[in-house]
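The following block contains a protein sequence and its predicted model.
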Amino acid sequence: MKYKQLLGNSLVAFLAQGVGTLASLVTAVIVPKVLGVVGFGYWQLFIFYTSYVGFFHLGLCDGAYLKLGGVSRTDIDKRRSNSVFWIGMAYQSIFVVIASVMVWMSSADSDRKLVLFSSVVVLLLLNAATYLGYIFQAMNETKLYSYSVIVDRFAFAVLVIICVAFRVKDFRFYIGSFIIGKMLSLIYCVVKGWDFFHSGLVPFLDAVKEALDDIRVGSKLMFANVAGMLILGVVRFAIDGHWGIVVFGKVSFALSLAMFIMQFVMQVSMVLFPALRRSSSQEQRRLYRAMSEILDLVMPFVFVLYSPIVMILDRWLPQYHQSFFYFAILLPICIFDGKMDITCTTFFKVLRRERLLLAINVSILLLSILLTWIQVSLFDSLIGVLLSAVAVLILRSIASEIILNREMNLSFPITIVVPIALSVLFVLSVVLLPTIWALVANCFAYVVVLAAFRKQLQGIGKQISRMRVHE
């Protein structure tokens with residue numbers, strides 16, 4: 001594996017995430033102050049709906065990503081990729097027309113209709129850019145994908161800052177800013193992939209055949225991804241339907257804080273896949289074990305960050321005081337969902353075990369639906385719903401690790417006890433102790449963990465050094 005290239009791609013990915021962080025910081029911390037609880041609730045509803053528009057490419061993007069992973073730009077069949085792109089745009093346009101008619105005929109209030117119509121617009125823009133971005137990633141040109149993210153997030157952040165500066169309290173302007181960012185990102189991808197569009201087209205029936213094959217290959221991964229998203233999605237649907245837009249906005253604010261912390265680490269998974277596809281099975285096993293152990297020991301540091309973050313934000317957004325309690329309950333998601341994305345999902349794709357990933361995600365989704373229904377219908381407990389969501393995501397991560405360790409003939413790492421134990425300690429300390437003492441307890445616990453597992457950390461460092469030597 002070319003570790004210098006991997007490092008370079010990772011640095012650009014982190015730069016992209018840095019710009020994304022700026023946008024997330026503005027929308028998560030400043031926008032709620034301007035919009036108010038109800039307006040922010042509709043804004044979060046829009047973000048929630050747009051997170052599922054990827055379902056409508058039916059796995060086309062994922063199939064191209066899996067089939068072409070590791071192929072260089074000079075070797076890739078550009079005419080085929082161009083033809084498949086336009087087939088995808090054609091059938092997704094049909095979905096857009098059908099969805100638009102359904103929204104127009106629905107009995108939803110005008111604000112909710114606007115959110116739905118806007119989500120439909122994002123469908124075409126985002127999925128077109130996603131297809132091209134996946135092609136870039138498959139060719140190991142992940143920097144181009146990262147730059148497209150920078151264009152999107154930077155444009156969005158600038159427009160949102162302008163809206164905030166002028167105290168714009170209409171959430172529709174923020175939705176418009178989001179759409180403009182996606183549009184500019186698509187334009188960037190088209191420019192950087194212009195040689196694909198100039199390569200010509202294959203015969204129509206051949207293009208349809210290729211598109212169907214991509215969907216066949218990618219649908220399992222796409223459905224696995226959607227099922228994974230719906231594990232939390234059913235919780236948010238239930239909260240919106242049962243407790244209303246205000247509670248939905250407050251819980252979504254807490255979730256946005258958790259996702260904000262997790263996004264930096266998740267960028268690693270984007271650059272790993274094409275690099276791992278070119279590496280040997282022995283190298284894959286070594287890297288999987290090193291990543292798994294270091295994430296177990298490093299990611300719980302987020303618990304130390306909780307108290308300072310809350311002490312600052314509670315002064316800035318006192319109307320979201322209850323959200324910070326939800327944030328504490330949801331924070332373990334950063335560790336287990338982040339680890340699932342970086343190690344488990346990535347290696348399921350590398351090993352071409354998408355069917356197994358789909359089975360895991362669907363099973364956990366069904367469990368999430370059952371537990372959410374019990375907590376909503378029988379106990380009317382919002383806290384119960386959130387705790388159930390965290391529990392099933394922890395279960396998914398641990399189950400996936402057990403399966404992957406068996407697939408690679410690896411023993412189960414002892415470091416897994418660290419995030420589990422520190423998650424329990426964190427939630428208990430936040431519930432039972434004042435904020436400052438919770439901070440002291442979590443700092444002390446984390447220092448003890450680092451001291452107890454110092455040999456594992458040293459071993460991981462030596463293993464990474466050996467990898468660099470053998471480059």
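Structure received.

What is the neighbour count of V164?
Using other Cβ atoms under 10 Å, V164 is surrounded by 17 other residues. All C-beta spots, glycine's among them, are computed from the backbone N, C-alpha and C.

in the one helix or strand it maps to, what's buried?
Under DSSP states H and E, the secondary-structure element containing V164 is helix 142-165. Using 16 or more other Cβ atoms under 10 Å as the test for burial, helix 142-165 gives 142-160, 163-164.

Look at Q463 and report its pLDDT.
Here, the pLDDT recorded for Q463 equals 58.

Quick check: closest non-adjacent residue to V115.
Taking Cβ to Cβ, 6 or more residues apart in numbering as the measure, V115 lies nearest to F46, with 4.6 Å between them; neighbours along the chain are not counted.

Surely that neighbour and S119 touch.
Yes. Proximity of F46 to S119 meets the contact threshold set by Cβ atoms under 8 Å, at 6.4 Å.

Now for L125: which residues touch it?
Listed by Cβ atoms under 8 Å, 6 or more residues apart in numbering, the contact partners of L125 are I179, K182, M183, L186.

what about 10 Å?
50, 53, 152, 178-187 (Cβ atoms under 10 Å, 6 or more residues apart in numbering).

just N442 next, same as before
For N442, the residues meeting the contact criterion (Cβ under 10 Å, 6+ apart) are 300-307, 422, 425-426, 429-430, 433.

low-scoring stretches of the protein, by residue?
1-22, 261, 263-279, 459-471 (pLDDT under 70).

returning to what we had before: which of the contacts of N442 are buried?
Applying 16+ other Cβ under 10 Å to those, the neighbour count classes P300, V302, F303, V304, Y306, S307, L422, L425, F426, S429, V430 as buried.

JSON lines for these, including secondary structure and distance to R236?
Putting the buried ones among the contacts of N442 into JSON lines (DSSP: H, G, I helix; E, B strand; the rest coil; distance: Cβ to Cβ, whole Å) gives the following:
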{"residue": "P300", "secondary structure": "helix", "distance to R236": "25"}
{"residue": "V302", "secondary structure": "helix", "distance to R236": "21"}
{"residue": "F303", "secondary structure": "helix", "distance to R236": "24"}
{"residue": "V304", "secondary structure": "helix", "distance to R236": "28"}
{"residue": "Y306", "secondary structure": "helix", "distance to R236": "22"}
{"residue": "S307", "secondary structure": "helix", "distance to R236": "26"}
{"residue": "L422", "secondary structure": "helix", "distance to R236": "26"}
{"residue": "L425", "secondary structure": "helix", "distance to R236": "27"}
{"residue": "F426", "secondary structure": "helix", "distance to R236": "23"}
{"residue": "S429", "secondary structure": "helix", "distance to R236": "27"}
{"residue": "V430", "secondary structure": "helix", "distance to R236": "22"}
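
report the angle between the axes of whatever helix or strand V115 lives in and helix 142-165?
Element membership of V115, judged by DSSP H and E, is helix 110-138. Helix 110-138 runs at 150 degrees relative to helix 142-165, counting by axes from the mean of the first three to the mean of the last three Cα atoms, to 10 degrees.

can you give me the offset of helix 110-138 from its chain's centre?
Distance, stretch centre to chain centre, for helix 110-138: 15 Å (Cα atoms, centre = their mean, to the nearest Å).

which of the residues in it are buried?
If you call a residue buried by 16+ other Cβ under 10 Å, then helix 110-138 has these buried ones: 111-112, 114-116, 118-138.

and what of stretch 359-370?
I360, N361, V362, I364, L365, L367, S368, I369.

For A23, state which of these is nearest.
Of all the buried residues of stretch 359-370, N361 has the smallest distance to A23: 27.8 Å, by Cβ to Cβ.

so the closest one makes contact with L232?
No. Judged on Cβ atoms under 10 Å, N361 makes no contact with L232 at a distance of 11.7 Å.

residue contacts, the residue of the chain positioned farthest from its centre?
Distance to the chain centre peaks in the chain at P203, reaching 36.2 Å (criterion: Cα atoms, centre = their mean). Contact partners of P203, counting by Cβ under 10 Å, 6+ apart, are S83, K209.

Phi, psi for it please.
Dihedral angles of P203 (phi, psi; degrees, to the nearest 10) stand at phi -50, psi 150.

same deal with L58?
phi 60, psi 20.

Contact partners for it?
Contacts for L58 were tallied using Cβ under 10 Å, 6+ apart; they are 88, 91-92, 95, 127, 211-212, 214-216, 218-219, 222-223.

and the residues you listed as CSV, adding secondary structure?
Listed next are the contacts of L58 as CSV, based on DSSP: H, G, I helix; E, B strand; the rest coil:
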residue, secondary structure
G88, helix
Y91, helix
Q92, helix
F95, helix
N127, helix
A211, helix
L212, helix
D214, helix
I215, helix
R216, helix
G218, helix
S219, helix
M222, helix
F223, helix
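
buried subset of these?
Listed as buried from the contacts of L58 are G88, Q92, F95, N127, A211, D214, I215, G218, S219, M222, F223; burial here means 16+ other Cβ under 10 Å.

returning to what we had before: quick check: helices, which of the buried residues of stretch 359-370 are part of them?
Judged by DSSP state H, the subset of these located in helices is I360, N361, V362, I364, L365, L367, S368, I369.

returning to that earlier point: in a markdown table, list the contacts of L58 along with distance to M102.
Supplementary listing: those in a markdown table, determined by distance: Cβ to Cβ, whole Å:
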| residue | distance to M102 |
| --- | --- |
| G88 | 21 |
| Y91 | 17 |
| Q92 | 15 |
| F95 | 10 |
| N127 | 18 |
| A211 | 25 |
| L212 | 26 |
| D214 | 27 |
| I215 | 23 |
| R216 | 27 |
| G218 | 26 |
| S219 | 23 |
| M222 | 22 |
| F223 | 22 |
